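# One predicted model, sequence on top.
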Amino acid sequence: MTGTDTSILRIDSLTVDFLSEGDPVRAVDDVSFHVCPGETLVILGESGSGKSVSTGTVMGLIDCPPGDIVAGSLVFDGTDLSRLDEEGRRALNGRRIAMIFQDPLAYLNPVYTVGRQIAEVFESHGGSVARDEVVQLMQRVGIPEPEKRIDHYPHQFSGGQRQRVMIAMAIALKPDILIADEPTTALDVSVQAQILELLCDLQRETGMALIMITHDLEVAAAMADRIIVMNGGKVVESGKAEEVFTNPTHAYTRRLMAAVPHGGSGERKSRPQPDGDVLLQVESLSKHYMLTSGFFSPKREFKAVDDVSFVLRRGETLGIVGESGSGKSSIARMLLRLNDPTSGRALFAGEDIFQLEGKALNGFRRRVQMVFQDPFGSMNPRMNVRAIISEPLLIHRDILPRARWNDRVAELLELVGLKAEHADRHPHQFSGGQRQRIAIARALASDPELIVCDEAVSALDVSIQMQVIELLSELRQRLGLSYLFITHDLPIVREFADRVLVMQNGRVVEQNETEALFASPRHPYTKTLLSAVPKAKWMATG
Amino acid sequence: MVDVSIPSVKLPGNLRQLAIYLKRDKLAFCAALFLLLLIVCVLFGPLLVGEAAGKLGLRQRNLAPFSLHQGLIYVLGADTLGRPILARLIVGAQNTLSIAAAAVFFSMLVGGTLGLVAGYSERWYSHVILRLADIVMSFPSLLLALIVLYTLGPSMTNLVIVLAITRMPIFIRTARAEVLELRERMFVSAALSMGASSSRILFRHIAPLVLPTLVTIAAIDFATVILAESSLSFLGLGIQPPDFTWGAMVANGRGYLASAWWIAFWPGLAILLTTLSLNILASWARTVADPLQRWRLQSLRKAPR
Amino acid sequence: MMFGYIGRRAYHSTISVIGLLTLVFFLTRLTGDPSALYLPLDSSIEAREAFARLNGLDQPIHMQFLHYLQNLLSLDFGQSLRQNRSAIEVALEAFPATLKLAAIAIILSVILAVIVGALAAARPGSLFDRVAGLVSLAGASTPDFWIAIVGILVFAVGLGMLPTSGTGTTLHWIMPITVLMLRPFGLLVQVVRGTMISALSAPYIKTAHAKGMKRRRIIFGHALRNSLLPVITVAGDLTTGLINGAVVVETIFGWPGIGKLMIDSIIQRDFAVVQSTILVTAIAIFIVNIAIDLLYVALDPRIRY
């Protein structure tokens, strides 16, 4: 399969700039790759590595200007893509090369039915199409009740189904190459598994080449025959998937691979089970919403959180795992008194959080802090780091006299691995990982006992994720903190939590010690979740 | 273990960068120059030509424009009482622009504050604010202004108040919409979870972020208010003689269209050029602010090949 | 569902109209005595009192207001003091002239603006785009009363091609409609262009390119279709503003519409007519808003009331 003569697409020394004031910004630098029929090439890279730009060039989707293809040749089946006129390009796009994208809701036109948008592929290439054909296509990509759904609009589908619609459009004319740009990044892990499986099935059926762009190492491992790793616009490593994964040669790749949480491979540092007193005791916590779908239609009750109980001991880390909509974030917001519960109690150090008012509530807010998913969003962009970190001190005046704030800010910055002189900068001058460190420093400012982390590392690149997790676990030891760690990411929980609570549709379906839960999941949903974590392709096929 | 290297986010010397973008768009550059000239006229003009603007001249009655016999000040002609139009334009500019500026300022201040409150609180007064904004919004502003000015009597203060009120709904709605969006942002949740009070969140966290939007709207609205004030003055309900604005000058000249067209023509042209310049600058600013459009104003240098 | 929505909308509008009528009622009653205008200067005190009694002006103001509300409920909108007949009749009589003028102006502006704006957005930065941009900005910046006067000056006084006032022939319609169209046209071109440009960089346009669709179909089938939504909203707001223009245009061109009636009635303190015109205008605006909302539902499948 690796014979160079058989390649259907070959990119040679592609270099793409983006023009802006002054010198152009190089997005893709001397990138070469090829792909053969029936093969899956994964382009792996973190955000800003140039991976999407290089494939966008293949489809002619980069606007020039401000884009500027400096050099390189793109040969598809004997045709030089860079010399094609508009009409020639149009004849290839959708018919011989197709593409799916990360966020299908944005990439589907909101005002047309999905059926019409699928049919457009046929019509654009000179054919007409019967309704039946579109229905069959939708059936093939696994959309239930296609006869009915064909007349629905994109917003009426779930995220996974929308991606299936995109796939239906892409495979409609049986293209030679399908380019998938982060196709599962926005999806839950169980849906991700289904979409990846669908892509593999379709590839087997049609023998198309698949170029898959991703930042997710597990997805890459599950899909790749061959892999190229990009960093800073350059290809830093390429080769057979198994070789790159098991024996990376470039320093960047090695760092990347090391960052993968290898839960269960025996690396987890075993911690003594915390046996402190009970810090937080949640009893039958529920949050119900009344939904109205129309002015006259009856109201429906939606149970976002349904009868959830758990205990968190001092010094313990409790992971709460679930997919989007499972109610895990609602729990965090209620425990921090950002939303009110419908019923239930939550005893923090013996006192019911939901009954606290005035001074007592303020005292509680000092002892419990939260770290949010998006560190950029959780900081006021107008404030500098000093103002951000000292805000808890400003609100709770009795913590520290004002004269000592500067020292405290410097101390906190150093505690989270930043420098004291960073205090005068603004959040946008930091990278994602650094911002999350600042958020952690802010959370520590009031000497809390419990920190609630709501998807605290999910928005970060994988190599940064591990650094932040390491920081959190180091602080746990040094300061005796307790964590409520909310995430959708199973490997991270396995690495970090003492006990895990699995949630589905607002209910707790299983809770157990981390090791025990991963070793022998009892509830079927937990089993599905665990099996949905992608397995490496070379291991699956032998 | 730490990724300490700070990514080099180079903020261009902001004002200088803007000046460069401005110079690249010739139309916007001319508009900016015109407005600058106008501001200079408003600040210093009345000192120089204030006297001439009120001076009656029998010999210059209905003097046609473009003749320099009577001096440069009569280059745009003279009105029926022989007063030089150029001098009157400069004096009128001061009234026109200060009324509009005052109206926009109060509209932004009061409307912005009401909008902040209406967006953050869900108490009864928020609903009252929104209903009031609806009332003003759902009815043609000029008619409303006419009724109020006619009954209360036309004066500088009333004019500013009426203009400010008719433009207020825009500020209320924009501020409210921004607050509704901002208060769902995580840094508000973060502040709340730290124990910050409502007033702290509203005025320290939210208001500074709403302000730039309001200022942008105020700049765009300035042109609209100039036009509204001119219409009112034209209909005779602006400030009263001996004070006058450009709109009133057009109204004065209307009766002499057949004999002395220039009396009504120049002040109208002045209004047009001013509002046009403002709108051109606003449209330029939109291009600069849009990251997808900004490259049109940049000097793009391609890599050598 | 739909009826519930219209009901709510009607409820809000009713509150707005009542608020407005209340405001106008007290403003007008508090600031002047109509008998001063309607009776000869030397008429006796007895005659004045009789006039006041006849028109209910002798009672305390809150009683007058209650009385007024009662009459409203029984669809009695009062008598026009000036014309001595039902005020609502006077208002309704003037309404069609304005309606025709406004409807033609707004429909023409929308059609022209969509064509010009879409063509400009299809090739941003081209000569056509720049000319269209300048023309539309000028349209939005021109004081309508002034351009009406200049129009009269050139086409009626100078060239003698068009009549100055009245409604007789098609020729009479040309100038009022053109003047009325300028501002909506200018603003709409910019809205269409702006939304088109952002629609053209939307992700779903990338999908359309990836599907291999023809450029023409992408621009008109996908981008324009989506940019129509904000255009409709703006067109709705402009319809309210169109009445402002109508006041000015009707005054200058002697057009017997509701705007001219309003000004005349205010000046002659004919309260009942002022209030009736407010009512008629408000109802018309309410109907336009409902129509816009329905159109929105028809065009955007995501919106359901």
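Now that the structure is in, tell me what you want to look at. All values derive from a computational prediction rather than experimental measurement.

# and A:T15, that one's in a strand?
Yes. Counting by DSSP: H, G, I helix; E, B strand; the rest coil, A:T15 is located in a strand.

# State the pLDDT value of it.
Here, the pLDDT recorded for A:T15 equals 89.

# distance of it from A:D29?
To A:D29, A:T15 is 6 Å away according to Cβ to Cβ, to the nearest Å. Every residue, glycine included, has its C-beta placed from N, CA and C.

# Equivalent analysis for B:L76, please.
Distance, B:L76 to A:D29, by Cβ to Cβ: 62 Å.

# Flag every residue of the stretch 151-300 of chain C that's near chain B.
Within the stretch 151-300 of chain C, the positions lying close to chain B (Cβ under 8 Å from any Cβ of the partner chain) are C:152-153, C:157, C:190, C:194, C:197-198, C:201, C:240-241, C:243-244, C:247-248, C:251, C:259, C:262-263, C:266-267, C:274, C:278, C:281-282, C:285-286, C:289.

# who's more crowded, B:L76 and A:D29?
Counted by other Cβ atoms under 10 Å in any protein chain shown, B:L76 and A:D29 do not tie: B:L76 has more neighbours, with 23 against 19.

# Report the secondary structure state of the more buried one.
The local conformation at B:L76, judged by three-state DSSP, is coil.

# Got phi/psi on it?
Main-chain dihedrals, B:L76, degrees, to the nearest 10: phi -100, psi 10.

# So which bits of the helix or strand B:V40 falls within are buried?
For B:V40, the host element (DSSP states H and E) is helix B:26-54. Buried positions in helix B:26-54, judged by neighbour count with 16 or more other Cβ atoms under 10 Å in any protein chain shown: B:27-29, B:31-32, B:34-35, B:38, B:41-42, B:45-46, B:49, B:52-53.

# Same question for stretch A:72-83.
For stretch A:72-83, by 16+ other Cβ under 10 Å, it's A:G72, A:L74, A:V75, A:F76, A:L81.

# who touches that stretch?
A:8-16, A:30-31, A:57-58, A:60, A:69, A:88-89, A:92, A:96-97, A:176-177 (Cβ atoms under 8 Å, 6 or more residues apart in numbering or on different chains).

# Model confidence score at residue 295, please.
As the question left the chain open, I've gone with chain A. 45.

# looking at chain C here, not the other one
84.

# so what's C:G186 up against?
Contacts here follow Cβ under 8 Å, 6+ apart; on that basis C:G186 touches C:V135, C:S136, C:L137, C:A138, C:G139, C:A140, C:S141, C:T142.

# now, which of those residues sits nearest chain B?
C:S141 (3.8 Å; Cβ to the nearest Cβ).

# what's the neighbour count on that closest one?
By other Cβ under 10 Å, the residues close to C:S141 number 24.

# Which pLDDT value does the model give it?
We have a pLDDT of 89 for C:S141.

# wouldn't B:L86 be in contact with B:L76 here?
Yes. Assessed by Cβ atoms under 8 Å, B:L86 is found in contact with B:L76 at 4.7 Å.

# Starting from the one helix or strand A:M370 maps to, tell me the next helix or strand along the chain.
Element membership for A:M370 (DSSP H and E) is strand A:368-371. Under the assignment DSSP H and E, the closest C-terminal helix or strand after strand A:368-371 is helix A:385-395.

# Take the helix or strand following that next one, keep the C-alpha atoms, and write them as CSV.
Beyond helix A:385-395 on the C-terminal side, the first helix or strand identified by DSSP H and E is helix A:405-415. C-alpha atoms of helix A:405-415 as CSV (Å, rounded to 0.1, in the frame of the first residue of the first chain):
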residue,chain,number,x,y,z
TRP,A,405,-1.6,41.6,48.5
ASN,A,406,1.3,42.1,46.1
ASP,A,407,3.5,39.6,47.9
ARG,A,408,0.6,37.1,48.0
VAL,A,409,0.0,37.5,44.3
ALA,A,410,3.7,36.9,43.6
GLU,A,411,3.6,33.9,45.9
LEU,A,412,0.6,32.4,44.3
LEU,A,413,2.0,32.9,40.8
GLU,A,414,5.1,31.0,41.8
LEU,A,415,3.1,28.3,43.4
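
# Helix A:405-415 and chain B, are they touching?
No. If you take Cβ under 8 Å from any Cβ as the test, helix A:405-415 misses chain B, and the best it gets is 10.6 Å.

# so how far is that helix from its chain's centroid?
31 Å (Cα atoms, centre = their mean, to the nearest Å).

# hmm, who's touching that helix?
Helix A:405-415 is contacted from outside by A:385-386, A:389-390, A:393, A:400, A:419-420, A:422-423, A:438, A:441-442, A:444-445, A:475, using Cβ under 8 Å, 6+ apart.

# and if you look at stretch A:378-386?
For stretch A:378-386, the external contacting residues (Cβ under 8 Å, 6+ apart) are A:371-372, A:388, A:391, A:406, A:409, A:413, A:422-428, A:435, A:438-439, A:442, B:186-187, B:189-191, B:205, B:208-209.

# Now, those that are in strands?
A:V371 (DSSP state E).

# Which residues of the stretch 101-250 of chain C lie near chain A?
Counting by Cβ under 8 Å from any Cβ, the stretch 101-250 of chain C comes close to chain A at C:201-204, C:206-215, C:217, C:222, C:225-226.

# From these, which land in strands?
Using DSSP E, no member of these falls within strands.

# before we move on, the earlier item: could you identify the buried members of the contacts of C:G186?
With neighbours counted by 16+ other Cβ under 10 Å, the contacts of C:G186 contain buried members at C:S136, C:L137, C:A138, C:G139, C:A140, C:S141, C:T142.

# Now do the second one, the pLDDT please.
The predicted local distance difference test score for C:L137 is 90.

# The helix or strand that it is a member of near chain B at all?
Taking DSSP H and E as the definition, C:L137 sits inside helix C:127-141. Yes. Helix C:127-141 reaches chain B (Cβ under 8 Å from any Cβ) through C:G133, C:L134, C:L137, C:A138, C:A140, C:S141.

# Mind giving me the packing neighbours of the helix or strand following that helix?
The helix or strand immediately downstream of helix C:127-141 is helix C:144-151, counting by DSSP H and E. Applying 3 or more Cβ pairs under 8 Å, 6 or more residues apart in numbering or on different chains; DSSP states H and E, we find helix C:144-151 packed against helix B:207-234, helix B:246-253, helix B:262-289, helix C:170-200, helix C:224-253.

# could you redo the last one with a cut-off of 6 Å?
Contact analysis of helix C:144-151 by 3 or more Cβ pairs under 6 Å, 6 or more residues apart in numbering or on different chains; DSSP states H and E lists helix C:170-200, helix C:224-253 as its packing neighbours.

# now the shortest one and helix C:144-151, what's the angle there?
Counting by axes from the mean of the first three to the mean of the last three Cα atoms, to 10 degrees, helix C:224-253 lies at 70 degrees to helix C:144-151.

# cool, and the longest one?
Helix C:170-200 and helix C:144-151 meet at an angle of 130 degrees, taking the same axes, to 10 degrees as the criterion.

# pLDDT of helix C:170-200, averaged?
Rounded mean pLDDT across helix C:170-200 is 88.

# Are we agreed that C:F95 is in a strand?
No. Counting by three-state DSSP, C:F95 is located in no strand; its state is helix.

# which ones are touching it?
C:F95 is in contact with C:I258, C:V280, counting by Cβ atoms under 6 Å, 6 or more residues apart in numbering or on different chains.

# How many residues are close by residue 59?
You didn't say which chain, so I picked chain A. A count of neighbours around A:M59, defined by other Cβ under 10 Å, yields 22.

# look at chain C instead
As a burial measure, C:Q59 scores 13 neighbours (other Cβ under 10 Å).

# quick one: contacts for C:L137?
B:N279, B:I280.

# about what we covered before: mark which of the residues of the stretch 151-300 of chain C next to chain B are buried, thanks.
Counted by 16+ other Cβ under 10 Å, these give C:152-153, C:190, C:194, C:197-198, C:240-241, C:243-244, C:247-248, C:251, C:259, C:262-263, C:266, C:274, C:278, C:281-282, C:285-286, C:289 as buried.
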